[in-house]
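1. Show me how the following folds:
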Amino acid sequence: MNHYYAFVDLLPSSVSNAIHPYKYNGKELDRKNGIDWYDYGARMYDATLGGWTTIDPQSEKLYTVSPYTYCINDPIKHRDPDGEFPWIAGLIGVELIILPRLQLIGWKESLGRNPLLM
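-> Numbering: from 1, shown residues only. Next up, the predicted model:
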């Protein structure tokens with residue numbers, strides 16, 4: 001069993017010599033060269049820093065948020081399954097409807113509104 005800090009870093013008591021490389025979010029934990037990074041596909045996540053190692057490929061759409069933050073600094077409300085763009089957790093069933101609207105009007109302007117009523 002693995003135990004984590006708030007931004008995904010493994011607690012020392014849960015680190016084991018297990019061979020299974022897939023940890024948090026089912027992502028592969030790359031421990032090469034003493035650097036513990038999770039491979040999300042689009043970019044690598046550094047759990048020690050609590051952020052990405054490269055700039056967000058969609059950073060121009062989220063200009064009010066640092067392009068290095070994980071899940072807009074709120075991993076409870078948001079998720080980022082591939083490192084490309086954070087999703088609002090709980091709205092997974094309607095993401096195909098909501099995300100295009102959020103991208104059209106801008107992320108900041110949509111916060112606090114119901115995207116289904118736009």
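2. what's near enough to touch P21?
-> The neighbours of P21, taking Cβ atoms under 8 Å, 6 or more residues apart in numbering as the test, are E28, L29, D30. Bear in mind the C-beta positions are built from the backbone N, C-alpha and C, glycine included.
3. which one among those gets closest to T53?
-> Of all those, T53 sits closest to D30, with 10.8 Å by Cβ to Cβ.
4. Write down the beta-bridge partners of that closest one, one by one.
-> For D30, the beta-bridge partners under DSSP bridges are W37.
5. Let me see the contact set for it.
-> P21, D36, W37, Y38, D39, M44.
6. Kindly report the same for P57.
-> Taking Cβ under 8 Å, 6+ apart, we find P57 in contact with A42, R43, E84.
7. Surely the last one and Q58 touch.
-> Yep, that's E84 we're talking about. Yes - with contact defined as Cβ atoms under 8 Å, E84 counts as touching Q58 (6.1 Å).
8. still on that earlier bit, make a ChimeraX selection of the buried ones in the contacts of P57.
-> Those of those that count as buried under 16 or more other Cβ atoms under 10 Å are selected in ChimeraX with:
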select :42,43
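9. Show me the contacts of P57 that map onto strands.
-> Among the contacts of P57, none falls in strands (DSSP state E).
10. Just the closest of the contacts of P57 to S66, please.
-> Nearest member of the contacts of P57 to S66, counting by Cβ to Cβ, is R43, at 13.7 Å.
11. quick one: the residue lying closest to the closest one once chain neighbours are set aside from P21, how far?
-> Spatial nearest neighbour of R43, chain neighbours left out: G83 (4.2 Å); criterion: Cβ to Cβ, 6 or more residues apart in numbering. In this view, G83 and P21 are 17 Å apart by Cβ to Cβ, to the nearest Å.
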